[in-house]
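Novice: give me a 3D structure for the following:
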Amino acid sequence: MRGSIRILGGAVMVAVLGGCATSAADCDPSRVRNVLDAGSCTAFGGFEANLAQARSDLEARRQELLVQEQSAAAAQARQARLSTDLDARRRDLENQQQDLDRLQLTLTGVETHNDRDRARVTAMQEQLRLARAELARLNDPALTPQAIAEEEARLNARRAALDEALRLQTERVLQE
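Specialist: Residues are numbered from 1 along each chain as shown. Next up, the predicted model:
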């Protein structure tokens, strides 16, 4: 009987000491391999601590996933905006190209009666060539929004000057 009390006392002591040394990580149900450790984890709250830690980890991962989903949604929205902007930009460039083509046709049909008229038409053709070069630069994907705005302003000013020069030339020819 004394021997059984000693064994029982030893077992209780091992369980108590084991319980003091157990942590939430030590009380992972998939890692507990013996009855004494399981009893110690149950008695001293190790299993509950492990469960609380697992819930906390799960909540942290849910929060990370939520942040990633929000980031992905923002990226998709930005991509959609950029795609729409790109389509509008392509249409605008096509319209500008058509305007330059129209100016070319008009310029080709301008009558010249003397060297002065021919010099004016030659100058307008050079301006048209420069406008086409500006339009070609607008297709550069490396351009910043500010550079695009500057190129467009130059192109629009050049086109307006060409329109005005053609109008004046046409009026001169009609007056003669």
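Novice: mind showing which ranges of this structure have poor pLDDT?
Specialist: Along the chain, segments meeting pLDDT under 70 span 1-22.
Novice: where do the helices sit along it?
Specialist: 2-21, 35-43, 46-108, 115-137, 145-175 (DSSP state H).
Novice: in this structure, which residue is most central in space?
Specialist: For the chain, the residue nearest the mean C-alpha position is residue 75 (4.8 Å; C-alpha atoms, centre = their mean).
Novice: that one and residue 64, how far apart?
Specialist: 16 Å (C-beta to C-beta, to the nearest Å). For glycine as for every other residue, the C-beta is placed from the backbone atoms N, C-alpha and C.
Novice: now swap in residue 161 and tell me
Specialist: The value you get for residue 161 to residue 64, if C-beta to C-beta is used, is 58 Å.
Novice: try residue 99
Specialist: Distance, residue 99 to residue 64, by C-beta to C-beta: 52 Å.
Novice: same deal with residue 134?
Specialist: Taking C-beta to C-beta, one finds residue 134 at 48 Å from residue 64.
Novice: who has more neighbours, those two?
Specialist: Counting neighbours by other C-beta atoms under 10 Å for residue 134 and for residue 64 shows that residue 134 has the greater number, 21 against 10.
Novice: surely that one touches residue 159?
Specialist: No. Judged on C-beta atoms under 8 Å, residue 134 makes no contact with residue 159 at a distance of 9.3 Å.
Novice: list the residues that contact the residue nearest to the centre of the chain.
Specialist: The contact partners of residue 75, by C-beta atoms under 8 Å, 6 or more residues apart in numbering, come to none.
Novice: now residue 173
Specialist: With C-beta under 8 Å, 6+ apart, residue 173 has these contacts: 110-111, 113, 117.
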